[in-house]
Structure formats: structure tokens, C-alpha cells
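Undergrad: Provided below are the primary sequence and the corresponding predicted coordinates.
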Amino acid sequence: MEATLGPLLPLYQRERAAARAVALGILVRTVGSTYRKPGALIVIADDGEYAGLISGGCLEGDLREHARTVIASGAARNVHYDARTADDLLWGLGLGCEGAMQILLLQAGPANAWQPLGHLAAALEAHAPTAIGVVVESSQPELLAGAVVLPAEDAPAAGLEGPLAAPAVKELLRSAAAQGETLWLEQPSWKLFVLPLALPPRVLLLGAGPDAVPVVDLAARLSWKVTLVDHREAYADRRHFPAAERVLLARPEQLPEALDLAKFTAAIVMSHHLASDLAYLRRLAASGIPYVGLLGPAVRRQRLLADLGTDARLLQGRLHAPVGLPLGGRTPESIALAIVAQLHAFVHNAN
């Protein structure tokens, strides 16, 4: 599932503030080897600036020419690229990727209340699961390609009627949001593509020392949401972590009261203070956070687990210690890369 919105927001927000419509590109079909998979998004402004990638930068120049037409006319357009031939001279880009893709471009602007970007941006801000549907093809005069289906709570804003208001469509949106997978509804005269919003993981860093800075920086490049907690006032300083979602001054024993731990995908213990790390691990053992990382060598891990006593069993299958993939390197940046790489693999169910 590829519908990641975070990197697209600055351009979308800039153009919306100026009341200028943009084109939203949705990758709906792929065949063979392609850079991105269905659900990938791109936002293209009328001046040609774009955010997001559908290819490795090979198609975007051509795609923005189509986008200008969509912005000007308001009519959605399907754009097809096929690089499966020996020399893809049809459109002259010479990719050699051995794949084909179909991209639906639709206008988002004042005329349609910026949908579906408005809905997706609001859901991302609230960190709320959601999915949208978009008509990719239609032979019905009253149902045009590019028509957008929003969840039930936003349906009045979308002005849905006819086949798009059917219970089966609403159920498909609900299923896509719950499963995190793109889905299709194919009828004889129209086809609906449904894509869920990819919510970034929320990561809890327990310890806000200098070596936490590159972890936050790398996580921010991935649009992850990071909260830092430290009991030391000199470390729990927002100015040190401008890319973090939140920086909190609190003692380890205050953790369950200070934060809703159920909202986090991962927690990484890295305070470099043995008593604090033990207190953090005890609180995390009682939580349901699926990934718990512990910085430090194996001998330190064994000492902490021994001190945890019976609580250590609650971390079985969740604890990654020493945290990070064995990539080599001992600098804070190398360690941060190893931590984020391991967590990235965990988030994406990669082996």
C-alpha cells in the first residue's frame, strides 16, 4: 500500500493558500517491474513543480504536461506509460524498466473543495485510518472518470448520488481502510479504485540525548511521527529536535500517565542511564507496543532483563536488543541508520 501523503503536503498547502488548483496523480495499475506500485501519489502544481514520485524522475516531466491540461479543464485524464518494449520510442523516454503503468490525474481545487486531498490531509493530521475511492473509467454520462468517493462522514461534501452511494461502495472503503490494501470495484460500465491512506508510524524515543538527534532526523525524512521523553531538563529541549512531533519532560514512572502508549508503533529505550532504562522497560513491558528497542550491548541487556524479573517475559517477541541492524559503524549517525533501518523493516513486514 503506497498512498503516503506527508511529502506532498507542503506543495498542496502552498497552492491551497494561494487558491490555485493542483493535479493529483494516482497510480492505479502497474504491470511488470515499476518504480512504484498502485496507490502511489503525486501532486503537481500549474507551474510544473511537483511533490512525490511515480517513477524515479523519468516520467514526471511528461506527466506534468498532462497535469496542466487537467488543472485548466477540470476534467480527469488517464495517462499510460509502457516500457516493456526494447525501445520505448512511443513516448521517447527510454526507461528500460520492463513495466507499464496507468496514472489517473484529477483536479483538486476550490471548485471541488480540494477533494480528495482535503480529506486525506485532515485524516493524516488526526492520524485516523481512512480510504477514498475514485472512478477510473466510466461509460455512464452521469458518472465521470475522476469522481471521488469519501467515507460516510464526508459523503455530503462529495455530493454522492447514484451508484457511488451504494452500500457496497461504502463497505469497500471501510475494508480498504481496515486492511491497508488497495481494492477495485469493477462494474460493467464503470470501475472504482479504492486506496487507503498510509499512516506513518508513531515512534517513542525514551532518552533525548545527542545521539537521538540523527534518529529523529532520519525518521522525519520518512515522515514518521516521533515523540521524545527525558527526565533531564537539559535534554528534553524542543529546540534540539525541531522535526519531532513532541518533546516531553517526564520521569519514567510517569510514562503511562503522560502518554497514551497504545498509539505508538515502536518505542526505543536510549537514555544511557541504567536505572531509567530499567524503569522504561518495566512500563513498556506492561504496554502493547509491538516493537521495543534497547540501545546498548548484549551484556547490558542481560542485566536489565534479570533486574526486570518476571516482567521480562512480557517483552518476549517484542524486544530488539541490541537495537538496530548490524550495518557496521559506531558513529551516532551510523547507529541511527541501523535503528531506523530495522524499524523500517518491521513496519513494512520485511524479513
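TA: Received it, and whenever you're ready, just let me know what you need.
Undergrad: C-alpha only now, for contacts and for neighbours.
TA: Noted.
Undergrad: check contacts around Glu98.
TA: By C-alpha atoms under 8 Å, 6 or more residues apart in numbering, the residues touching Glu98 are 32-34, 82-85.
Undergrad: now it: how far from Ala21?
TA: Remark: distance between Glu98 and Ala21 (C-alpha to C-alpha, to the nearest Å) = 34 Å.
Undergrad: try Ala165
TA: Here Ala165 is placed at a distance of 26 Å from Ala21 (C-alpha to C-alpha).
Undergrad: what does Glu181 give?
TA: Counting by C-alpha to C-alpha, the gap from Glu181 to Ala21 is 28 Å.
Undergrad: who's more crowded, those two?
TA: More crowded of Glu181 and Ala21, by other C-alpha atoms under 10 Å: Ala21, with 24 against 19.
Undergrad: tell me where the model's unsure across this protein.
TA: Per-residue confidence for the chain (pLDDT under 70) gives these ranges: 1-2, 85-97, 153-161.
Undergrad: in it, which spans are helices?
TA: Per DSSP state H, the chain has helices spanning 9-17, 60-73, 117-126, 155-158, 167-179, 212-221, 255-258, 274-285, 298-308, 332-347. These are given in chain order.
Undergrad: ok, the closest residue to Gly52 other than its chain neighbours - contacts?
TA: Closest residue to Gly52 apart from its sequence neighbours, by C-alpha to C-alpha, 6 or more residues apart in numbering: Ile42 at 4.6 Å. Contacts for Ile42 were tallied using C-alpha under 8 Å, 6+ apart; they are 8, 24-26, 50-54.
Undergrad: for Ile42, list each beta-bridge partner.
TA: According to DSSP bridges, Gly25 are recorded as the beta-bridge partners of Ile42.
Undergrad: next one: it from Gln316, what distance?
TA: Applying C-alpha to C-alpha to Ile42 and Gln316 gives a distance of 41 Å.
Undergrad: ok now stretch 104-118, how far from the chain's centre?
TA: 20 Å (C-alpha atoms, centre = their mean, to the nearest Å).
Undergrad: buried ones in it?
TA: By neighbour count with 16 or more other C-alpha atoms under 10 Å, stretch 104-118 contains the buried residues 104-109, 112, 114-118.
Undergrad: ok, now stretch 246-257?
TA: Going through stretch 246-257 with 16+ other C-alpha under 10 Å, the ones that come out buried are 247-250, 252, 255.
Undergrad: how long is that stretch from one end to the other?
TA: Between the opening and closing residues of stretch 246-257 there is a gap of 16 Å (C-alpha to C-alpha).
Undergrad: give me every residue that touches the residue nearest to Phe264 when sequence neighbours are not counted.
TA: Of all residues beyond its chain neighbours, the one nearest Phe264 is Arg202 (4.9 Å), with distances taken as C-alpha to C-alpha, 6+ apart. Residues in contact with Arg202, defined by C-alpha under 8 Å, 6+ apart, are 224-227, 263-266.
Undergrad: against Leu104, how distant is Arg202?
TA: Applying C-alpha to C-alpha, the value for Arg202 to Leu104 is 31 Å.
Undergrad: check Gln254 too.
TA: For Gln254, the distance to Leu104 - C-alpha to C-alpha - is 49 Å.
Undergrad: before we move on, what about Ala336?
TA: Applying C-alpha to C-alpha, one obtains 38 Å for the distance of Ala336 from Leu104.
Undergrad: likewise for Leu11?
TA: Where Leu104 is concerned, Leu11 sits at a distance of 19 Å (C-alpha to C-alpha).
Undergrad: could you do Leu304 as well?
TA: In terms of C-alpha to C-alpha, Leu304 sits 53 Å off from Leu104.
Undergrad: over to Leu8?
TA: Plainly put, Leu8 is 17 Å away from Leu104 if you go by C-alpha to C-alpha.
Undergrad: what residues does the spatially closest residue to Val135 that is not a sequence neighbour make contact with?
TA: Spatial nearest neighbour of Val135, excluding adjacent residues (C-alpha to C-alpha, 6+ apart): Leu192 at 4.5 Å. The neighbourhood of Leu192, defined by C-alpha under 8 Å, 6+ apart, consists of 133-137, 184-186.
Undergrad: redo that, cut-off 6 Å
TA: Residues in contact with Leu192, defined by C-alpha atoms under 6 Å, 6 or more residues apart in numbering, are 134-136, 184-185.
Undergrad: nearest to Ala234, of those?
TA: Proximity to Ala234 was ranked across these by C-alpha to C-alpha; first place goes to Val134, at 49.7 Å.
Undergrad: partner residues bridging that closest one?
TA: Residues found in beta-bridge contact with Val134 (criterion: DSSP bridges) are Val148, Phe193.
Undergrad: thinking it is in contact with Leu195, fair?
TA: No: here Val134 does not reach Leu195: they are 8.5 Å apart, not a contact under C-alpha atoms under 6 Å.
Undergrad: contacting residues around the residue nearest to Gly32 when sequence neighbours are not counted?
TA: If you skip the residues right next to it in sequence, Gly32 has Gly99 as its closest partner in space, 4.4 Å away by C-alpha to C-alpha, 6+ apart. The neighbours of Gly99, taking C-alpha under 6 Å, 6+ apart as the test, are 31-34, 83-84.
Undergrad: okay then, goodbye and thanks.
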